[in-house]
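Student: have a look; sequence and predicted model below, questions after that.
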Amino acid sequence: MLLEMRNIEKSFNGTPALRNVDFTLERGEVHGLVGENGAGKSTLIKLLTGVYSLDAGSILWEGAPLDVRTPAESMAAGISVIHQERTLIPGFTAVENAWLGRGYPLRRGRVDWKRMRAEVMEKAKQLDIELDCDMTAADMSPPMRTMTEIVRAMLRDCRLLILDEPTAALTDREAEKLFKLIEGLREKGTSVLYISHRLDEISRLTDRVTVLRNGERVLTERTSSLTQRDLIAAMTENWQGGRVQRAAGAGEALLEVRGVQSADGVVKNASFTARAGEILGVFGLGGSGRTELLECIYGLRPMAEGRMTLRGEGYAAPSPRRSLARGMALIPEDRRGHALVSALSVRENVSLSGLEDFARAGVVSKRRHDEAVDQMNERLDVKYADPEQPVSELSGGNQQKVVFARTLMKAPTVFLCDEPTQAVDVRTRHQIHALLRAQAERGAAVVFVSSDLKELLDTADRILVMARGRTRECLDNAGLTGQQVLSKCYEEF
């Protein structure tokens, strides 16, 4: 065994996060770690990487006790983690980011940039990673950022690489490159702890899998002996979920977009119609302009050309404030960076967009405010210890529910949803699908961007295909196959 964690205990304010957890990891093994949001996965990783300290239990590294009190001590032992939220500095190049946390080498009293660049390029070559050493992180695509972090980890003589939802922002083609890299690491003897809510990836990549539920380990088995249904049953106490029923028909056009181009040139020519009572899926490969299109429509990204009609009226020069006032809301891809205020409480985040609805003469009625917010949290099944708890302390799935709760407080008629199920567990994903369908059934139009084509085939009424900044074709999702959708992504204009 490379790693053994025995009888691990951790509580926060008297609430147990992990109870008597045992976990082992073999040398050269790819081990899956799964569980619902809040099951204890992140806590286990933070104990291993020195972010949290143990309440009880012990950690053995190659049979010897390991006491990690800081992330630096964890990295010195050979443990590296690539978090779901990338930790690159936007203005730094790939070389500068790859050397973060290490002392820069000096030559004659100056930073030896030539050596740094050579070591990064050599490591990238060993890992079969194509890396533009001079590109800043701000200009990198999501897979390029992931690969840069992997190079950074492996420069430190990493023996255990922890990947937390690594494909959350990747398309299928980009994910394939990552899977190939993981296979290469396994062959070189590097252990990988793979955390994901995408059970097809767990089944494909891992040798063994451990399931956590409510802070306890409920299963560790060879992956080949388990079906995805077995994993879902272990994670969710036999909750099975199911496919969300699609609409029988759609109503009037609530949002019409014609010839939209973004000022930065990413969106080159986009047109579509979203109708009341339907979920319109939007699919495209990396760099297709899906996120940028939603940002143009909502007013976050300047629009150079094009016209829009919202609820039957022309809508020019959109802005977030005007869009929200006219009944259009955006669920952004980056919930922590663009949707939540981490320092504020759960209750405060839910009411951010609608405080004026509870005010008279500029004074907020605390009673009306708290009652409305708590009812919305209960409706969406948001799990928290206290409504005054900082939203940053919630699991990813519950943070996403808070974003939806705030949006629903304004009862929008047009939902723009960018990767709304990214990095949430299987139960929360189904709850979000059902929530979007419920909004469509009450007469709203839902525009749903996802990198997961299977998800769109399971939930959308129509699928709009984007490629290279242009909308290609809108396909009716009746007997539609993934191959048919992907073929539209590769067709020549």
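Tutor: Arrived safely. If you're wondering where the values come from, they're calculated on a predicted model, not measured in any experiment.
Student: for L44, which three-state class applies?
Tutor: Three-state assignment for L44 (DSSP: H, G, I helix; E, B strand; the rest coil): helix.
Student: who's in contact with it?
Tutor: 5, 8, 18, 21, 23, 33, 212 (C-beta atoms under 8 Å, 6 or more residues apart in numbering). Yep, even glycine has a C-beta here, placed from its N, CA and C like the rest.
Student: wait, which of the residues you listed is closest to A72?
Tutor: Within the contacts of L44, distances to A72 taken as C-beta to C-beta reach their minimum at M5, with 19.9 Å.
Student: could you confirm that closest one falls within a strand?
Tutor: Yes: M5: assigned to a strand according to three-state DSSP.
Student: not counting sequence-adjacent ones, nearest residue to it?
Tutor: Closest residue to M5 apart from its sequence neighbours, by C-beta to C-beta, 6 or more residues apart in numbering: F23 at 4.2 Å.
Student: tell me what the helix or strand where A274 lies is packed against?
Tutor: Element membership of A274, judged by DSSP states H and E, is strand 270-275. Using 3 or more C-beta pairs under 8 Å, 6 or more residues apart in numbering; DSSP states H and E as the contact test, the elements touching strand 270-275 are strand 253-262, strand 445-449, strand 470-476.
Student: would you put the C-alpha positions of it in CSV?
Tutor: Extracted C-alpha coordinates of strand 270-275, given in CSV (Å, rounded to 0.1, in the frame of the first residue of the first chain):
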residue,chain,number,x,y,z
ALA,A,270,-25.7,33.1,-33.7
SER,A,271,-29.4,32.7,-34.2
PHE,A,272,-32.1,30.7,-32.4
THR,A,273,-35.5,30.8,-30.9
ALA,A,274,-36.4,29.6,-27.4
ARG,A,275,-40.1,28.9,-26.8
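Student: state the number of residues packed around A138.
Tutor: 11 (other C-beta atoms under 10 Å).
Student: might one say that it is in contact with I89?
Tutor: No: the criterion here is C-beta atoms under 8 Å, and A138 misses it with I89 at 9.1 Å.
Student: just the helices and strands packed on strand 270-275: most buried one?
Tutor: strand 445-449 (a mean of 27; mean count of other C-beta atoms under 10 Å).
Student: next structured bit after that strand?
Tutor: helix 453-459.
Student: can you list contacts of that following helix?
Tutor: 172, 243-244, 246, 279, 281, 283, 421, 429, 433, 436-437, 448, 450, 463, 477, 480-482, 485-486.
Student: of these, buried ones?
Tutor: 244, 246, 279, 281, 283, 421, 429, 433, 436-437, 448, 450, 463, 477, 485 (16 or more other C-beta atoms under 10 Å).
Student: if we can go back for a sec, in JSON lines: the helices and strands packed on strand 270-275, plus distance to G299.
Tutor: Converted to JSON lines, the helices and strands packed on strand 270-275 look like this (distance: least, C-beta to C-beta, whole Å):
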{"stretch": "strand 253-262", "distance to G299": "12"}
{"stretch": "strand 445-449", "distance to G299": "15"}
{"stretch": "strand 470-476", "distance to G299": "19"}
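Student: nearest to I79, of those strands?
Tutor: strand 445-449 (34.5 Å).
Student: give me the mean pLDDT for that closest one.
Tutor: Across strand 445-449, pLDDT averages out at 95.
Student: tell me which strands that strand pairs with, and in which orientation.
Tutor: Within its sheet, strand 445-449 is paired with strand 279-284 (parallel), strand 414-418 (parallel), according to DSSP bridges.
Student: next helix or strand past the shortest one?
Tutor: Spelled out, that is strand 414-418. Heading C-terminal from strand 414-418 (DSSP H and E), you reach helix 426-441.
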